[in-house]
Structure formats: C-alpha cells, structure tokens
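# Predicted model and sequence below, questions to follow.
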Amino acid sequence: MCLGIPGQITAITDEARLMAMADVSGVRREVSLAPVADRPLAELVGHWALIHVGFAMAIIDEDEAARTLDALRDLGEAQETLEAMAEGQKALEGTQ
C-alpha cells in the first residue's frame, strides 16, 4: 500500500534543487517540494504537506493534517512508516 503522511515544512534546505526539511511527527526528513513549488519556496515554510516517498505531493491545511495523522495512528500504519523514516534518518546521520 502506498502511504502519504502529513509533515510540516520547517526550512528550505536547497532552493535550487527545491528541497526542504519536513517534520513528520517528530522525525525530520528532507523532501522535494517540486510537486508543490507553484509559489516562492519561503512561503511554504510552516505549511503542512502530504508527503509520499520523499516528495511533498500536496499542501494541506493543519486541520486536515491532524485528522489524517489521527486516522493513520488509529489504523496503526503511521507508526510503521515513522519507525522506518527514523531508522533511515539514523543511517544518514551515521554516514555524515
């Protein structure tokens, strides 16, 4: 099953490559803003996005993000995804 999960854009990391840092339930991950870069990237900081395989696929509002995270937690799917993301982040930090 493909899973998109809400994350909040916290910073632009590489404007030329349309990359940003997103916080997904406490896990920070670099994502591509290319699919949602229809405005200046700085305007996206603080907004919520539906993230799938490292891409911000859509900008969503905070209420929708909260409802989606609650539903995913209820289904138990978010936890597995978040754990996988956290493990990936640890691996990346170990190589830097």
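Good, I have the coordinates. Numbers count the residues shown, from 1 in each chain.
# ok, which stretches of the chain are strands?
5-14, 19-24, 27-32, 48-52, 55-60 (DSSP state E).
# residue contacts, Met57?
Neighbouring residues of Met57 by C-beta atoms under 8 Å, 6 or more residues apart in numbering: Gly4, Pro35, Val36, Ala49, Leu50, Ile51. (Glycine included, C-beta is placed from N, CA and C.)
# returning to what we had before: between the strands of the chain, which one is closest to Ala66.
Closest of the strands of the chain to Ala66 is strand 5-14, at 7.9 Å (criterion: C-beta to C-beta).
# Can you list the buried residues in that closest one?
Across strand 5-14, burial judged by 16 or more other C-beta atoms under 10 Å covers Ile5, Pro6, Gly7, Gln8, Ile9, Ile12.
# From the chain's centroid, how far away is the lowest-mean-pLDDT helix or strand in the chain?
Within the chain, confidence by mean pLDDT, DSSP states H and E is lowest for helix 77-94 among all helices and strands, at a mean of 76. Taking the mean of its C-alpha atoms, helix 77-94 sits 12 Å from the chain's own mean (C-alpha atoms, centre = their mean, to the nearest Å).
# could you check the angle strand 5-14 makes with it?
Counting by axes from the mean of the first three to the mean of the last three C-alpha atoms, to 10 degrees, helix 77-94 lies at 20 degrees to strand 5-14.
# rewinding a little: with distance to Met57 and pLDDT added, can I get the buried residues of strand 5-14 in TSV?
Formatted as TSV, the buried residues of strand 5-14 follow (distance: C-beta to C-beta, whole Å; pLDDT from 0 to 100):
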residue	distance to Met57	pLDDT
Ile5	10	90
Pro6	11	94
Gly7	11	95
Gln8	15	97
Ile9	13	98
Ile12	18	98
